[in-house]
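Visitor: Sequence plus predicted model, see below.
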Amino acid sequence: MKPIKILLVAVIAFAATLSLVMVKAQKKKLPEADCGRTAGLGYDDTPMLPDQPWRVHDIKRPQPRTITPGTESSQQSAGKAPSDAVVLFDGKDLSNWTNHPKKKELGNITWKVENDYVEVVPYAGDLVSKEKFGDAQYHIEWAAPAKPCGTSQWRGNSGVLIMSNYEIQVLDNDNNPTYADGMAGSIYGQWPPLVNPARVRGEWQMYDIAFEAPVFEGEKVVKPAYVTVFLNGVLVQHHQKIIGRMTHRQVAQYRPHGATEPLSLQDHEVPVRYRNIWVRPLRGYDQP
Ligand code: MG
């Protein structure tokens, strides 16, 4: 072997040994967490938080209530509501709802319950919850008909009418051109969704909504309503101010109503389906 070759082999061997040593050094055992350490449960000598009656890390601040979270839905089956939710529809019956048929000659018709969902029966009228809500978190799942019928605002139209006044639109957004502030995810006639995360028609879509109720003093709006909406887990309305109650071809205006009002689901004469509907009235921080 020539000296140059010997040198080359030696360099390669040295490099290989060095990299092995480095890998070994990296694999050194990390220290384990010390589980013997303890910490205090709070403080009574820290500064006061601005605009709060509590100190930073205040030992006297009440503990939030413990609840059991719900379970996620899939296309095949609806999930479960969190333990503190008011369940308005769990797939079984319409005992928590009323409706007023639009056409009296059709008799006392109501929405159709089957296979864990409830479906709009055209002209049965809006489904209206018996219980009323103010500030609240809503979870509502819906599906536009798998077989498209009609175009634009006639394809898959229904709506989540919060406090029976403020519509978060339900529509088939799947290759269905229409005006932007009338798409699913819009505050109807006011604000389009920030993006269009709707699934294809026939699939279940999920609304998660946080709503702050408006406040009235007589005829005056003291505080407008605000809404945050997630459609299929995607933010489509971000603490958006609501202009007024749902209207068509007009600028929305407020009409004073109670501090709590029912949730309504819109009968737009299209067989849209709903399932897994629950509401959590919001009580704010530091509740006993
Ligand atoms: Mg609608």
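Guide: The structure has been received and is ready for your questions.

Visitor: I'd like the next helix or strand past the host helix or strand of residue 229.
Guide: With secondary structure defined by DSSP states H and E, residue 229 is part of strand 226-231. Downstream of strand 226-231, the first helix or strand assigned by DSSP H and E is strand 234-241.

Visitor: other SSEs contacting that following strand?
Guide: Here strand 234-241 touches strand 226-231, going by 3 or more CB pairs under 8 Å, 6 or more residues apart in numbering; DSSP states H and E. C-betas here are computed from N, CA, C, even on glycine.

Visitor: What are the contacting residues of the strand it packs on?
Guide: The contact list for strand 226-231, computed with CB atoms under 8 Å, 6 or more residues apart in numbering, reads 162, 166, 168, 184-185, 187, 193, 197-198, 205-212, 235-242.

Visitor: Can you turn the buried part of the residues you listed into a ChimeraX selection?
Guide: With 16 or more other CB atoms under 10 Å as the burial test, the buried ones among these are selected in ChimeraX as follows:
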select :162,166,168,184,185,187,193,197,198,205,206,207,208,209,210,211,212,235,236,237,240,242
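
Visitor: So which of the contacts of strand 226-231 would count as near the ion as well?
Guide: Restricting the contacts of strand 226-231 to those touching the ion (CB under 5 Å from the ion) yields no residues.

Visitor: Run through the bridge partners of the residue of the chain found nearest the ion.
Guide: Residue nearest to the ion within the chain (CB to the ion): residue 159, separated by 3.2 Å. Here residue 159 sits in beta bridges with residue 169, going by DSSP bridges.

Visitor: Report the distance from the strand holding residue 229 to the chain centre.
Guide: Centroid separation for strand 226-231 versus its chain: 7 Å, with CA atoms, centre = their mean, to the nearest Å.

Visitor: Paired strands for it, with orientation please.
Guide: strand 205-212 (antiparallel), strand 234-241 (antiparallel).

Visitor: Just to check, the residue of the chain closest to the ion is in contact with residue 272?
Guide: No: the pair formed by residue 159 and residue 272 falls short of the contact definition of CB atoms under 8 Å, at 9.1 Å.

Visitor: before we move on, the earlier item: which among the strands paired with strand 226-231 is found nearest to residue 67?
Guide: strand 205-212 (16.1 Å; CB to CB).

Visitor: residues of the next helix or strand after that closest one that come out buried?
Guide: Sequence-wise, the next helix or strand downstream of strand 205-212 (DSSP H and E) is strand 215-217. Within strand 215-217, the residues that qualify as buried are residue 216, counting by 16+ other CB under 10 Å.

Visitor: Stretch 90-109 now?
Guide: 91, 94, 96, 97, 99, 101.

Visitor: List the residues that contact the second one.
Guide: With contacts defined as CB under 8 Å, 6+ apart, residue 94 is in contact with 110, 111, 113, 118, 127.

Visitor: how much space is there between residue 149 and residue 183?
Guide: Residue 149 sits 18 Å away from residue 183 when distances are taken as CB to CB, to the nearest Å.

Visitor: circling back to that earlier point, so of the buried residues of stretch 90-109, which two are at opposite extremes in space?
Guide: 91 and 101 (23.1 Å).

Visitor: how about the contacts of residue 94 in CSV, adding neighbour count?
Guide: Shown next, in CSV, are these (neighbours: other CB atoms under 10 Å):
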residue, neighbour count
110, 16
111, 23
113, 14
118, 24
127, 28
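
Visitor: Columns pLDDT, distance to the ion and secondary structure on top of these, output as JSON lines?
Guide: Below are the contacts of residue 94 laid out as JSON lines (pLDDT from 0 to 100; distance: CB to the ion, whole Å; DSSP: H, G, I helix; E, B strand; the rest coil):
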{"residue": "110", "pLDDT": "96", "distance to the ion": "19", "secondary structure": "coil"}
{"residue": "111", "pLDDT": "98", "distance to the ion": "15", "secondary structure": "coil"}
{"residue": "113", "pLDDT": "98", "distance to the ion": "21", "secondary structure": "strand"}
{"residue": "118", "pLDDT": "98", "distance to the ion": "16", "secondary structure": "strand"}
{"residue": "127", "pLDDT": "98", "distance to the ion": "13", "secondary structure": "strand"}
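
Visitor: Farthest pair within those?
Guide: Among those, the pair separated by the greatest distance (CB to CB) is 113 and 127, at 10.8 Å.

Visitor: rewinding a little: so between residue 149 and residue 183, which is more surrounded?
Guide: Applying other CB atoms under 10 Å to residue 149 and residue 183 shows that residue 183 carries more neighbours, namely 22 against 12.
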